[in-house]
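Undergrad: Curious how this folds, go ahead:
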Amino acid sequence: MSDLRLRYAATSDVGRVRKDNQDSGYVGPWLIAVCDGVGGAARGDVASSTAIQQLRRLDAPPSTDPDHDLLARVAGALHRAHDRIGELVDEDPALDGTSTTATVALFDGSRIGLGHLGDSRAYLYRSGEITQLTADHTFVQSLIDEGRITEEEARVHPHRNLILKALDGVHEAEPDLFVIELAVGDRILLCSDGASGVLDDRRLADILSTGSPDYAAVEMVRASLDAGSSDNVTCLVADVVDADAPDNGVSVEPLVVGAAADPRPIKQRGPMSGMSSLFRGHRAGDTGELEPIQAEILDPPPGVPFAITTDPIDPEQARYAPRAPRRFMWLKRAMAALVVIGLAWIALAVAWSWSQDQYYVGEEDGFVIIYRGLNSEIAGFDLSEPYMRSDVEIDRLSEIEAERVREGIVYDNPVDAEAKVQDLAARQEPVESTGG
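TA: Numbers count the residues shown, from 1 in each chain. Okay, the predicted model is just below:
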């Protein structure tokens, strides 16, 4: 029988800058989870909500088996979420590039098993002291770990949003996994970086020190936006109480917030541009419309610890700090050459990915077909391949239309290309009768 239980609350807000909420959160009697979608046009809200829908299956009483493995359940759920995102990308290539952070706390009545990827965070507030339980998987955290920058500098670093680990359905998910023992009076906070990116530990502890879980969650979001957060903000707060403690009017029903609260099937969803912030008023800093930063984690070339693109950027330039001249200059030059090769590879990968989002209507063996890619070749390498064949004969089109098709009619999506083929089919000249 459980010695402890949780009282909890959750709040998610689109914020004052973003057009849609790509955060998702879930809290219930046995589970707390927050996911922050990454992807911009690739629909980070789909990744975060998909992950939450998979993770929420953990919200069930613990097994009576004394050998049950808390962390194995967490790891398994994270991998199932990872696989499901991969399936969605396979079904809809437009989602290619989507990913999400994930921070999960699974409760078994006396402790929590934590699983973590990305830069969402988990905190423990105990006896007036706050402890950050998770470590960010970010570019700036690597700079902090190496002593290049301080925590304060990280909050304003131009590349503070670049994450190194996420659930994306492509790269193997390798979460941090660990267990925390709980005690009556503990307060747990899980939040997206929309909160932790602007509020320091002192401010977080101040908010967590008073009020109910609901008050703390709402106040955390309000304080984050007042501090100038330009991101979605999601905060989940849970108090650890005795198993027989009264509810005091606090809901014991699970709560779903953010993108995961959208009841529509994923394929029927559109960007949630109609969402508005619950918190209005003055905010510090620029209030202009900002485009979400998309971080793409790529397989690094040999010798390079990681390679990330946003603009793209040079990882070493972002990690710059003045240092005394080193010996072994040949090694430094070799590393620099590897970085250049890596960036060239990234540029080629980005260019190839863009080319595969282009389409054109062309001709092959006398029939009209749709090609995917560019209507050109480099060094004898064709940059396109047949995407869809039709029964439209080139010789049954007018000379003008036939010539346009032979030259290639370019489109930036397959729908418009298919519409053009249908139009050509309707305008074909009829086949002359050969009957006697």
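Undergrad: low-confidence ranges in the stretch 51-200 of the chain?
TA: For the stretch 51-200 of the chain, the stretches with pLDDT under 70 are 64-68.
Undergrad: At which residues are the strands of it located?
TA: When assigned using DSSP state E, counting those that start in this stretch, the strands of the stretch 51-200 of the chain occupy the ranges 99-100, 102-107, 111-117, 121-126, 129-132, 176-181, 187-191.
Undergrad: buried stuff in the fourth one?
TA: Read that as strand 121-126. 121, 122, 123, 124, 125 (16 or more other CB atoms under 10 Å). For every residue, glycine as well, the C-beta is placed using N, CA and C.
Undergrad: I'd like to check which residues are in contact with the second one.
TA: Applying CB atoms under 8 Å, 6 or more residues apart in numbering, one finds that residue 122 lies in contact with 103, 105, 114, 116, 132, 133, 134, 188, 189, 190.
Undergrad: Now do the helices in the stretch 201-350 of the chain.
TA: Per DSSP state H, counting those that start in this stretch, the stretch 201-350 of the chain carries helices over the ranges 201-208, 213-226, 315-318, 329-355.
Undergrad: Indicate each strand paired with the helix or strand just after the last one and its parallel or antiparallel sense.
TA: If I follow you right, that is helix 329-355. Using DSSP states H and E, the helix or strand that directly follows helix 329-355 along the chain is strand 359-364. Strands that pair with strand 359-364, judged by DSSP bridges, come out as strand 367-378 (antiparallel), strand 409-411 (antiparallel).
Undergrad: Just checking, which helix or strand succeeds the last one along the chain?
TA: To tie it back to what came earlier, the one meant is strand 409-411. Assigned by DSSP H and E, the successor of strand 409-411 is helix 414-426.
Undergrad: before we move on, the earlier item: pick out the shakiest of the strands paired with strand 359-364, pLDDT-wise.
TA: Mean pLDDT values for these show the minimum at strand 367-378, a mean of 86.
Undergrad: List the buried residues for it?
TA: Buried residues in strand 367-378, counting neighbours by 16+ other CB under 10 Å, are found at 368, 369, 370, 371, 372, 373, 374, 375.
Undergrad: hmm, back to that, ok, which of the strands of the stretch 51-200 of the chain comes nearest residue 384?
TA: Minimum separation from residue 384 across the strands of the stretch 51-200 of the chain (CB to CB) falls at strand 99-100, 28.3 Å.
Undergrad: Packing partners of the closest one?
TA: Judged by 3 or more CB pairs under 8 Å, 6 or more residues apart in numbering; DSSP states H and E, strand 99-100 is in contact with strand 31-38, helix 44-55.
Undergrad: Next, format these as JSON lines and append mean neighbour count and distance to residue 254.
TA: Output for these, formatted as JSON lines (neighbours: other CB atoms under 10 Å; distance: least, CB to CB, whole Å):
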{"stretch": "strand 31-38", "mean neighbour count": "31", "distance to residue 254": "8"}
{"stretch": "helix 44-55", "mean neighbour count": "28", "distance to residue 254": "11"}
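Undergrad: Reformat these as TSV; add distance to residue 20.
TA: Output for the helices and strands packed on strand 99-100, formatted as TSV (distance: least, CB to CB, whole Å):
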stretch	distance to residue 20
strand 31-38	9
helix 44-55	6
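Undergrad: And these: which comes nearest residue 13?
TA: strand 31-38 (13.0 Å).
Undergrad: roughly how far apart are residue 69 and residue 113?
TA: Distance of residue 69 to residue 113, computed by CB to CB, to the nearest Å: 9 Å.
Undergrad: Those two: who's more crowded?
TA: Set residue 69 next to residue 113 and count neighbours by other CB atoms under 10 Å: residue 113 wins out with 22 against 12.
Undergrad: who touches the more buried one in this structure?
TA: Taking CB under 8 Å, 6+ apart as the test, what residue 113 contacts is 70, 71, 73, 74, 105, 106, 177, 178, 179.
Undergrad: Where neighbours are concerned, which of those residues has the most?
TA: Greatest neighbour count in the contacts of residue 113, by other CB under 10 Å, goes to residue 105: 30 neighbours.
Undergrad: give the contact list for that one.
TA: Here residue 105 is in contact with 31, 32, 33, 112, 113, 114, 122, 188, 190, 238 (CB under 8 Å, 6+ apart).
Undergrad: Can you lay out those residues as TSV showing distance to residue 95?
TA: Output for these, formatted as TSV (distance: CB to CB, whole Å):
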residue	distance to residue 95
31	26
32	27
33	21
112	31
113	30
114	28
122	27
188	32
190	25
238	32
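Undergrad: so which pair among those residues is furthest apart in space?
TA: Pairwise distances across the contacts of residue 105 peak at 14.3 Å for 113 and 238 (criterion: CB to CB).
Undergrad: measure the closest residue to residue 183 other than its chain neighbours to residue 395 for me?
TA: Counting by CB to CB, 6 or more residues apart in numbering, residue 183 lies nearest to residue 240, which is 6.7 Å off, once chain neighbours are set aside. Computed as CB to CB, the residue 240 to residue 395 distance reads 78 Å.
Undergrad: Report whether the expected contact of residue 89 with residue 82 is present.
TA: No. Counting by CB atoms under 8 Å, residue 89 stays clear of residue 82, with 11.1 Å between them.
Undergrad: Give me the common contacts of these two.
TA: Both residue 89 and residue 82 are in contact with residue 169, where contact means CB under 8 Å, 6+ apart.
Undergrad: The two: who's more crowded?
TA: For residue 89 versus residue 82, neighbours defined as other CB under 10 Å are more numerous around residue 82 (26 against 21).
Undergrad: How about the contacts made by that one?
TA: 167, 168, 169, 173.
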